[in-house]
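**Student:** next one to model:
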Amino acid sequence: IHTHSMNAQLATLLDPTETSEALRITHLEMLKGVGNHSYDSVLEVPIIDNRPSEDLLADQLNAAILKYPKCNAVLVRRHGLYAWGDSWEQAKAQCESFDYLFEAAVKMKGMGLDCGIAPVGGTYYVDDKKVEEEKEDVEMMNGGSNGSSPPPAKRQKVEAVAPAFNGSSATNNNDDLVCSDKTDVPIVPRDSKVLLLDIEGTTTSISFVKDVLFPYVLKNLEAFVGKMTDEDKKKTLAELIADVDALDENHAVKKMNPQHTIVDIVKALMGSDVKATGLKSLQGKMWKSGYASGELVGHIYSDFLPMLDWCKANDVKVCIYSSGSIGAQKLLFKHTEKGDITEYFGGRHFDTTSGSKKEAASYQTIAAALGVKPEEVIFVSDLEAEIYAARDAGVKAVVSVRPGNVPLSAETKKEFPIVRSLLQLCGDAN
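**Tutor:** Numbering: from 1, shown residues only. Here you go, the predicted model:
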């Protein structure tokens, strides 16, 4: 069966580089429907590149089938899917199962989850040793396993457990609900009424910033500068020179000794991933033009808007703290895929004018501006240096893990709570 399923096409684009040769999916029940796989198997669906006509796909298809013999399907990038079975009925059933899995993979990516990674917790794990011991016990009860006795009756597993969920006589587990361990995830509004969020790698994909916003600036820089007034050029250049002067003497940008032109300094600063006030101001002005023309559309993760609705309903203040300028923050959230969401923040935006995100004092400054104590604030970011600085300031720090974020150190995983969706922060106030 050959389909042009939208889910199949989008599944081939989960890797933004479009170089992956296979899509990995695991720990989903529908894996049983594609043949040769079970719930906890790792399904690898090969991906081949599209061609102008389908007959030109033959060599790639043949190579993919030989390399991934357990998979009864091949994805064609930006095109669709080929699936097969021993009969047309089986092929149809497997094609539908594949489509279900692709839809799940796409939606999981939007939630910040990786469909190719096993769950980090839950009840999916089976203790094989315990199962074997129980089987041996049953065989002993029935006279051994030499085939002389009839098959043992199915043994009912009996455990001493607390009453069922929400049972009227459920045991008191209030102690388990208290965030006492340093890696327990705090929830709003119970543990805090103020939520301070980073943008890149938390509310918005890093790839959007790195692969869309930054390239837009470099692509349009000369044309944008050419349209500036002499007064604006003079002011902008002075701000960029101040950015360079503020760097350490051994910084790579100073060693480059860029010419005192707007274009040269911007390229040097962006090439070294410098986050400075003057640079961010210019970038913000350029992005404003891009958003206004419709060339730029802000990305947000699919869990972000539901989290904002939860916070609004529960009187939790959501604030933004990003290295990007306040103007750039507002532009992104005003022109998202879901429309204008700036109303949720009530103007509570902070940038490097409040201090470096890697310094504890900055978080104390923000807490004071919000009229609360640092310990009353929950800060979420993907960058370790920011998380440690926030904790040093007394803030409840939480690590955001999204696809494409910088891998965390083992120490950080032991020291801080981790969320893979912002909805993990939402909970009952009682």
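**Student:** C-alpha only now, for contacts and for neighbours.
**Tutor:** Fine.
**Student:** and residue 25, what is it in contact with?
**Tutor:** Neighbouring residues of residue 25 by CA atoms under 8 Å, 6 or more residues apart in numbering: 42, 43, 44, 101, 105, 115, 116, 117.
**Student:** where does the nearest residue to the fourth one once chain neighbours are set aside land on pLDDT?
**Tutor:** Of all residues beyond its chain neighbours, the one nearest residue 101 is residue 30 (6.7 Å), with distances taken as CA to CA, 6 or more residues apart in numbering. On pLDDT, residue 30 comes in at 93.
**Student:** need the contact list for residue 30.
**Tutor:** With CA under 8 Å, 6+ apart, residue 30 has these contacts: 39, 97, 100, 101.
**Student:** which of these lies closest to residue 5?
**Tutor:** residue 100 (10.6 Å; CA to CA).
**Student:** wait, residue 76 touches residue 50, no?
**Tutor:** Yes - with contact defined as CA atoms under 8 Å, residue 76 counts as touching residue 50 (5.7 Å).
**Student:** quick one: which of the two has more around it?
**Tutor:** residue 76 (23 against 16; other CA atoms under 10 Å).
**Student:** quick revisit: quick one: which of the contacts of residue 25 sit in strands?
**Tutor:** 42, 43, 44 (DSSP state E).
**Student:** out of the residues you listed, which end up buried?
**Tutor:** For the ones in strands among the contacts of residue 25, a burial check counting by 16 or more other CA atoms under 10 Å picks out 42, 43, 44.
**Student:** what about the residue nearest to the last one when sequence neighbours are not counted, which helix or strand?
**Tutor:** Which is residue 44. In space, and not counting its chain neighbours, residue 44 is closest to residue 24: 4.6 Å by CA to CA, 6+ apart. Remark: residue 24 resides in strand 22-26, with elements defined by DSSP states H and E.
**Student:** mind listing the strands that strand pairs with, and their directions?
**Tutor:** strand 42-48 (antiparallel) (DSSP bridges).
**Student:** quick one: name whatever helix or strand follows the partner strand.
**Tutor:** helix 58-67.
**Student:** and whatever helix or strand comes next after that following helix, how far out from the chain's middle?
**Tutor:** Using DSSP H and E, the helix or strand that follows helix 58-67 in sequence is strand 73-76. Offset of strand 73-76 from its chain centre (CA atoms, centre = their mean, to the nearest Å): 25 Å.
**Student:** please apply the same query to stretch 43-63.
**Tutor:** The answer for stretch 43-63 is 29 Å, by CA atoms, centre = their mean.
**Student:** what's around residue 221, how many residues?
**Tutor:** Neighbour tally, residue 221, other CA under 10 Å: 18.
**Student:** for residue 285, see how far away it is.
**Tutor:** 11 Å (CA to CA, to the nearest Å).
**Student:** for residue 70, same thing?
**Tutor:** Residue 70 is 52 Å from residue 285, by CA to CA.
**Student:** buried residues in stretch 350-358?
**Tutor:** So stretch 350-358, judged by 16+ other CA under 10 Å, has buried residues 350, 351, 352, 354, 355, 356, 357, 358.
**Student:** right, I mislabeled it, should have said stretch 203-214
**Tutor:** Buried residues in stretch 203-214 (16+ other CA under 10 Å): 203, 204, 205, 206, 207, 208, 209, 213.
**Student:** can you check stretch 109-123 too?
**Tutor:** 109, 110, 111, 112, 113, 114, 115, 116.
**Student:** ok, the spatially closest residue to residue 21 that is not a sequence neighbour - how many residues close by?
**Tutor:** In space, and not counting its chain neighbours, residue 21 is closest to residue 47: 4.9 Å by CA to CA, 6+ apart. Residue 47 has 24 neighbouring residues, counting by other CA under 10 Å.
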